[in-house]
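Undergrad: model this:
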Amino acid sequence: MRMFTNVLITGAILAMAPLATAQDAPAKATAMKANASDFVDADRSEVAIEKGIEALAASRQAYRNAAAISESITIVVSSPMGQEKVSMKSAYEKADFRIEMDGQMEITGIGNELFMTIPQSTDKYMSQSVQPSGSMETVLMQMTGGGGIPDPAVPFRLGKAKLQPKEIPGLLSMGAVMNPMLKGYRTTATGSQVLLEGQGGSSIVSINGKTGLVDRIDISATPPGAPPDFKMDLAFIIDAKVMKSLGQPITFDSTGRTKVAGMQELFPQPKSLSKGEAAPDFDLELLDGGKVSLASLRGSVVVLDFWATWCGPCRAGMPAMNELAEWAASSGSDIKVFAVNVGEPKEKAEQYWKGEKFGFPCLLDPDNQAAMAYNASSIPLTVVIGPDGKVAEIEVGLSFNPRDEASKAKHLEEMQAKLQAMAAKKG
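TA: Numbering: from 1, shown residues only. Predicted coordinates:
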């Protein structure tokens with residue numbers, strides 16, 4: 001669940017300050033979610049499709065003509081595994097721009113130079129130049145591993161200057177619908193909407209009638225390689241403002257950073273973790289106050305469940321982990337169960353944790369130090385540490401169906417038996 005588009009690469013949350021303040025931005029109504037069934041036969045006619053092409057061309061021109069643009073985008077991904085939310089902010093002025101993807105990366109474009117950083121490695125950056133014959137959008141695609149940036153401003157403002165109007169729908173795949181073609185157009189109370197259909201699904205682009213910018217994109221798609229009945233819904237909710245100028249200039253400071261050649265080199269390299277080796281020590285803050293170190297737990301059986309609020313499978317499996325923790329507390333055995341929130345600020349973890357009313361302790365790993373030590377590059381990750389301080393079990397992902405009570409009960413029964421047996425061997 002970490003990667004539907006490249007906006008979902010990692011999970012840590014950036015504490016992002018606003019890039020700009022609006023100047024004389026008109027108030028606008030919020031575009032509502034749209035469905036393909038909203039488009040009647042008249043909306044799918046040849047005349048309507050021609051109007052849709054014209055609407056997209058006008059929107060693209062609005063992005064290119066704007067002196068400055070400030071955007072705040074919320075991406076909601078809904079699937080049978082649950083729901084995830086990711087946020088990003090962007091600002092554009094002249095040929096410069098900055099895109100901050102929530103806890104994942106920051107990309108800055110100044111002139112013909114692109115710079116990328118990630119919050120996990122503040123001492124590194126990568127950069128790439130845009131050749132005279134190339135486009136900024138193409139280089140962005142290369143820097144992000146081919147997935148691009150899920151922001152309509154990127155293809156509309158930073159893409160090729162000259163395009164045929166009928167080529168414009170193809171710019172809006174958003175990493176989900178391949179080779180989209182315009183199949184419908186209709187006007188709405190807030191502007192207009194175009195219906196795109198392509199390989200893998202369909203999307204509806206809502207265009208604001210006042211600014212000409214995109215307010216919202218609703219996508220229904222089946223990811224490549226997934227079963228035909230596996231559907232994902234994506235909503236890109238965009239607050240875009242046309243401005244006279246940004247509140248501050250866009251800059252990039254490489255002082256104290258080392259330039260690396262590729263994206264993978266930006267990330268700290270996780271250590272391998274194997275059964276039987278000494279568990280890496282940690283000293284982490286508790287959500288409710290205080291600290292816990294692995295050294296202080298020596299002699300206990302310790303269960304660590306690495307998770308994040310954006311991770312659907314993590315959330316789906318957490319009630320079972322809560323049940324396991326309740327059992328451990330009443331078992332009479334020396335078994336300690338901890339959740340470990342990775343890469344997120346305390347406020348983010350606390351809001352979810354207290355909302356769900358989980359009763360076992362949650363450790364905070366906002367800088368991913370413990371996650372890196374335990375090779376939690378994919379979550380959920382459950383690690384069991386024996387009384388001797390050595391790794392006894394490693395489980396990546398969910399080994400049970402959290403929506404199936406029988407599957408969950410079997411999983412808990414097996415875990416309880418393993419933990420009880422380890423605790424009984426103490427000493």
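
Undergrad: So which other helices or strands are in contact with the helix or strand where residue 423 lies?
TA: Here residue 423, judged by DSSP states H and E, is contained in helix 405-424. Helix 405-424 sits against strand 301-307, helix 312-330, strand 335-342, strand 381-385, strand 391-396, with contacts defined as 3 or more C-beta pairs under 8 Å, 6 or more residues apart in numbering; DSSP states H and E. The way it works is simple: take the backbone N, C-alpha and C, and place the C-beta from them, glycine included.

Undergrad: List the buried residues of it.
TA: Within helix 405-424, the residues that count as buried by 16 or more other C-beta atoms under 10 Å are 408, 411-412, 415-416, 419-420, 422-423.

Undergrad: which residues sit in contact with residue 35?
TA: 204, 218 (C-beta atoms under 8 Å, 6 or more residues apart in numbering).

Undergrad: circling back: for the helix holding residue 423, what does the pLDDT average out to?
TA: Mean pLDDT, computed over helix 405-424, is 94.

Undergrad: Throw the buried residues of helix 405-424 into CSV and include distance to residue 57, thanks.
TA: As requested, the buried residues of helix 405-424 are exported to CSV (distance: C-beta to C-beta, whole Å):
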residue, distance to residue 57
408, 52
411, 54
412, 57
415, 58
416, 62
419, 62
420, 67
422, 66
423, 68
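
Undergrad: that older thread, and the helix holding residue 423, how far out from the chain middle?
TA: In terms of C-alpha atoms, centre = their mean, to the nearest Å, the centre of helix 405-424 is found 32 Å from the chain centre.

Undergrad: Equivalent analysis for stretch 320-331, please.
TA: For stretch 320-331, the distance from its own C-alpha centre to the chain's C-alpha centre is 30 Å (C-alpha atoms, centre = their mean).

Undergrad: need the helix or strand of this protein with the lowest average pLDDT.
TA: helix 263-266 (a mean of 81; mean pLDDT, DSSP states H and E).

Undergrad: what's it in contact with?
TA: Residues outside helix 263-266 that contact it (C-beta under 8 Å, 6+ apart) are 116-118, 120-121, 124-126, 143-145, 260.

Undergrad: likewise stretch 160-180?
TA: Here stretch 160-180 makes contact (C-beta under 8 Å, 6+ apart) with 4-7, 53-54, 56-57, 60, 64, 135, 137, 147-148, 150, 152, 155-156, 159, 181-182, 194, 196-203, 205, 217, 219, 221, 223, 232, 234, 236.

Undergrad: likewise stretch 371-378?
TA: The set of residues external to stretch 371-378 that reach it, using C-beta under 8 Å, 6+ apart, is 2, 268, 270-273, 279-280, 282, 304, 306, 340, 342-343, 365, 370, 379, 381, 383, 396-397.

Undergrad: what does stretch 229-240 give?
TA: Applying C-beta under 8 Å, 6+ apart, the contact partners of stretch 229-240 are 4, 33, 69-80, 150-153, 174, 176, 201, 208, 211, 213-223.

Undergrad: which of the contacts of stretch 371-378 count as buried?
TA: Buried among the contacts of stretch 371-378 (16+ other C-beta under 10 Å): 2, 273, 279-280, 282, 304, 306, 340, 342-343, 365, 370, 379, 381, 383.

Undergrad: From what I see, residue 352 and residue 309 are in contact.
TA: Yes. Judged on C-beta atoms under 8 Å, residue 352 makes contact with residue 309 at a distance of 4.6 Å.
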